[in-house]
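[1] Got a sequence here, can you build the structure:
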Amino acid sequence: MPAIPSSIIDPLWRQFSGLIPPVIDTHPLRCHRPRISDRIIFDKLLQVLVLGAAYTKISDSTCSATTLRTRRDEWITAGIFEKLEHLCLESYDRTIGLDLENLSVDGCIVKAPCGGEVSGRSPVDRGKHGTKRSLMVDGNGIPLGCVIAGANRHDSVLLAPTLKKLSRFGDHLPKKMTVHLDAGYDSKKTRSLLSGLGYTWVISTKGEPLQAGARWVVERTNSWHNRGFKKLNYCTERRGRVVEAFIALANAVIIVRRLVWQAWSIYRWDTRLDRRP
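    Numbers count the residues shown, from 1 in each chain. Down below sits the predicted model:
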């Protein structure tokens, strides 16, 4: 049984396969062993992401754990995961439309038992290794960008690099943009940053009862990350670029899933499911 329904994985693979650069054989005698199919590697990386299993547990007679890691690193170096995420955002924007006038940013701490480049002492887990994801979403909860750091980094410190992820949209940003934040960002430094960038803001006040407002969508997307992708909920990768690649792949899955779900009642296409997914 696939880790993700075929209605999601098939369009993802078609786009992903178009981004894979051609392989140049440098062996003088051209007598390598047959190259493992890219589709097999892609499916197994999705299994690693969704199930959170070790590479050795996913490997079998079709592909070894070493081949999985090697091909994964090749694709990361080529920037394929980031390109896939960006193309999914463009497709969603053309078909449904991104709500860039309302942005929400929030941090999420997860366990990182193996330590690594993006781990730190977790303030909510007795000082054990943890990783923080600073996630930005649009008004409907579509992930727009994510910054990772150690769990001991404060949310407000990661706000500026998280908002810089909007640079992928170039000059297509609306003139008026509102950023919705929780009480952890309630400071003069945050307001000065948002004013300098030309954004308005809605920030919960410290010391008052919980004020959800319009930022509940980022909490929902954090839940999609943690509940739908065990690799993100229990981060065992030690290198930051590998963690970023898995986050980009998870975002691509979320975007395509929301695109299919929302487009089902608006558009008709040949392979449209009989029931809403």
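[2] CA only for contacts and neighbour counts going forward, please
    Will do.
[3] The chain: strands as residue ranges?
    102-111, 120-121, 129-137, 143-150, 178-181, 200-203 (DSSP state E).
[4] Relative to the whole chain's centre, how far out is the second one?
    Distance, stretch centre to chain centre, for strand 120-121: 22 Å (C-alpha atoms, centre = their mean, to the nearest Å).
[5] what packs against that strand?
    strand 129-137, strand 143-150 (3 or more C-alpha pairs under 8 Å, 6 or more residues apart in numbering; DSSP states H and E).
[6] Dump those strands to JSON lines, plus mean neighbour count.
    Below are those laid out as JSON lines (neighbours: other C-alpha atoms under 10 Å):
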{"stretch": "strand 129-137", "mean neighbour count": "26"}
{"stretch": "strand 143-150", "mean neighbour count": "23"}
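[7] Out of the ones you listed, the one nearest residue 189 is which?
    Shortest distance between residue 189 and the helices and strands packed on strand 120-121, using C-alpha to C-alpha, is found for strand 129-137: 17.3 Å.
[8] can you put the helices and strands packed on strand 120-121 in a markdown table and add distance to residue 99 and mean pLDDT?
    Shown next, in a markdown table, are the helices and strands packed on strand 120-121 (distance: least, C-alpha to C-alpha, whole Å; pLDDT from 0 to 100):
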| stretch | distance to residue 99 | mean pLDDT |
| --- | --- | --- |
| strand 129-137 | 9 | 96 |
| strand 143-150 | 11 | 96 |
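[9] quick one on the thing from earlier: could you redo the strands of the chain as a markdown table and give each row distance to residue 272?
    What follows is the strands of the chain, written out as a markdown table (distance: least, C-alpha to C-alpha, whole Å):
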| stretch | distance to residue 272 |
| --- | --- |
| strand 102-111 | 30 |
| strand 120-121 | 45 |
| strand 129-137 | 27 |
| strand 143-150 | 24 |
| strand 178-181 | 35 |
| strand 200-203 | 39 |
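[10] Out of those, which is closest to residue 72?
    Taking C-alpha to C-alpha, strand 143-150 is the member of these nearest to residue 72, at 19.3 Å.
[11] Each with direction, which strands does the closest one pair with?
    strand 129-137 (antiparallel) (DSSP bridges).
[12] the inter-axis angle of the partner strand versus strand 102-111?
    Angle of strand 129-137 versus strand 102-111, following axes from the mean of the first three to the mean of the last three C-alpha atoms, to 10 degrees, is 170 degrees.
[13] which outside residues touch strand 129-137?
    103-115, 118-122, 143-153, 155, 158-159, 162-163, 217-218, 221-222, 235 (C-alpha atoms under 8 Å, 6 or more residues apart in numbering).
[14] swap in stretch 192-202?
    160, 176, 177, 178, 179, 180, 181, 191.
[15] again with stretch 249-264
    8-9, 12, 49, 81-82, 84-85, 88-89, 92, 95-96, 142-143, 224-225, 229, 272, 276-277.
[16] mean confidence for it?
    The average pLDDT within stretch 249-264 is 93.
[17] Of all the residues in that stretch, which ones are buried?
    249-260, 262-264 (16 or more other C-alpha atoms under 10 Å).
[18] now swap in stretch 54-74 and tell me
    Burial within stretch 54-74, assessed by neighbour count using 16+ other C-alpha under 10 Å, is assigned to 55, 58, 59, 63, 64, 65, 68, 71, 72.
[19] Let me know the closest of the residues you listed to residue 36.
    The closest of the buried residues of stretch 54-74 to residue 36 turns out to be residue 63 (C-alpha to C-alpha; 6.9 Å).
[20] Can you read off the pLDDT for the nearest residue to that closest one once chain neighbours are set aside?
    Leaving aside its chain neighbours, residue 63 sits nearest to residue 36 (6.9 Å; criterion: C-alpha to C-alpha, 6 or more residues apart in numbering). You'll see residue 36 listed with a pLDDT of 90.
[21] what about residue 36, neighbour count?
    Look at residue 36: counted by other C-alpha atoms under 10 Å, it has 14 neighbours.
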